[in-house]
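Trainee: Fold the following, please.
(one chain, ligands or ions: 2)
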Amino acid sequence: MKKSAFIAVVGRANVGKSSFVNRAVGEKVAIVSDKPQTTRTKIMGVLNREETQIVFIDTPGFHKPHNTLGENMMKAVGAGLSDVDAAVFMVEAVTRFKFDPDNLPPAELKLMEEIKKRKIPAILAVNKIDLLEDKAELLPIIEAYSRFLDFEAVVPFSAKNGDGADILVNELMSFAKESVHYFDDDTVTDQSERTMVAEMIREKLLRTLDNEVPHGIAIDLEQFFESDTREGEPILNVSAVIYCERESHKGIIIGKKGALLKKIGTLARKDIEEFYGIRVSLKLWVKVKENWRSMQGAIHGFGLD
Ligand SMILES: Nc1nc2c(ncn2[C@@H]2O[C@H](COP(=O)(O)OP(=O)(O)OP(=O)(O)O)[C@@H](O)[C@H]2O)c(=O)[nH]1
Ligand SMILES: [Mg+2]
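Mentor: Numbering: from 1, shown residues only. Ligands and ions are numbered 1, 2, ... in the order given. Below you'll find the predicted structure:
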């Protein structure tokens, strides 16, 4: 009997939502970095196990928006929570902030409120347990969140080393109901190939650059086509413009004598080559589009709404 479930994965930025979705699906469908607000849109990742299809909906980290892009990202979280069978509410066992059970971050409280209002069955997933010295540290965390929401289950796990991840996936399997499958069995994501490639490039920028610079970046893929080399080998030709918000950022991205841009290009090219299994020629340019994160038209142009 064919079954399926739609599962929203929500939580504050940087808790490991995308890392979990990638591990559950078994393929990299969403980019990951140590910078908050890595994920900008809702992204589907598909897992097929026997006759059951689980569609994970990875969402941007929940936060108070500071610009139009942020507002769109929060709309994506709302849309991600629409018509799902269950939600994974993800928190981290060891946070960069001091954990105070009586003062949970407002973003998390608001998100739990939203889940409650929509009457979505939710699982509390406590990620990053590999960082815990003592598992007993989990108790006050679980207790603090359970005060606000009646979770169907609580699963501590590590998206990094996989401990407990299967327990979480198995819990989610129980939400599957008899239904047609919405994706072909060999499909892993709803994103287009062009979007995946643009995201691979953005991931390298997020991982290489610091502070404000990577947050103001968007990628516009200009060329994306396959051809043959003179030796008759297939090659994928990709050219992309890296948009940033300031002239000073442009200089940082390019680096001394173009060294940083070259490094980013090499890292991205290797990733794209691995993904497609053929040679890739990647050309990158850097341009400035001031304040684009506050311009709906530009945001739309980048496919971020
Ligand atoms: N130690 C450890 N680090 C983890 C684990 N899971 C994720 N990380 C790291 O946490 C950081 C954020 O991971 P992401 O998967 O991008 O987090 P996210 O929740 O999708 O973040 P946003 O898209 O910004 O909301 C990355 O540096 C990951 O490598 C884990 O289980 N243990
Ligand atoms: Mg993410």
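Trainee: Following element in sequence after the lengthiest helix in the chain, please.
Mentor: Scanning the chain for the longest helix, with DSSP state H as the assignment, gives helix 259-276. The helix or strand immediately downstream of helix 259-276 is strand 279-288, counting by DSSP states H and E.
Trainee: just checking, what packs against that following strand?
Mentor: Packing contacts for strand 279-288, counted by 3 or more Cβ pairs under 8 Å, 6 or more residues apart in numbering; DSSP states H and E, involve strand 234-244, helix 247-254, helix 259-276. C-beta: built from backbone N, CA, C; applies to glycine.
Trainee: To ligand 1, which of these lies closest?
Mentor: Of all the helices and strands packed on strand 279-288, helix 259-276 sits nearest to ligand 1, with 15.5 Å by Cβ to the nearest ligand atom.
Trainee: If you count neighbours, what's buried in that closest one?
Mentor: 260-261, 264-265, 267-269, 271-272, 275-276 (16 or more other Cβ atoms under 10 Å).
Trainee: Quick check, residue 164 in contact with residue 157.
Mentor: Yes - here residue 164 reaches residue 157: they are 3.2 Å apart, a contact under Cβ atoms under 8 Å.
Trainee: so what sits against both of the two?
Mentor: residue 129 (Cβ atoms under 8 Å, 6 or more residues apart in numbering).
Trainee: Could you check which of the two is surrounded by more residues?
Mentor: Neighbours per residue (other Cβ atoms under 10 Å) separate residue 164 from residue 157, with residue 157 holding more: 25 against 18.
Trainee: what's the pLDDT at the more buried one?
Mentor: For residue 157, the pLDDT comes out at 98.
Trainee: okay but it is in contact with residue 125, surely?
Mentor: Yes - taking Cβ under 8 Å as the definition, residue 157 is a contact partner of residue 125 at 6.3 Å.
Trainee: okay, and the common contacts of these two?
Mentor: 20, 168.
Trainee: got a list of contacts for the longest helix of the chain?
Mentor: Under the contact criterion Cβ under 8 Å, 6+ apart, helix 259-276 has outside partners 196-197, 200-201, 203-205, 207-208, 236, 238, 252-255, 279-284, 286.
Trainee: how about a cut-off of 6 Å?
Mentor: 197, 200-201, 204-205, 208, 236, 254, 280, 282, 284 (Cβ atoms under 6 Å, 6 or more residues apart in numbering).
Trainee: same thing with stretch 91-106?
Mentor: 15, 126-129, 131-132, 140, 144.
Trainee: again, 10 Å this time
Mentor: Applying Cβ atoms under 10 Å, 6 or more residues apart in numbering, the external contacts of stretch 91-106 come out as 11-12, 14-16, 34, 36, 62-64, 108-109, 111-112, 124-133, 135, 137-138, 140-145, 147-148, 156-159.
Trainee: Any buried residues in stretch 18-31, and which?
Mentor: In stretch 18-31, counting by 16+ other Cβ under 10 Å, buried: 18-25, 28-31.
Trainee: Next: stretch 95-102.
Mentor: For stretch 95-102, the neighbour count (16+ other Cβ under 10 Å) marks residue 99 as buried.
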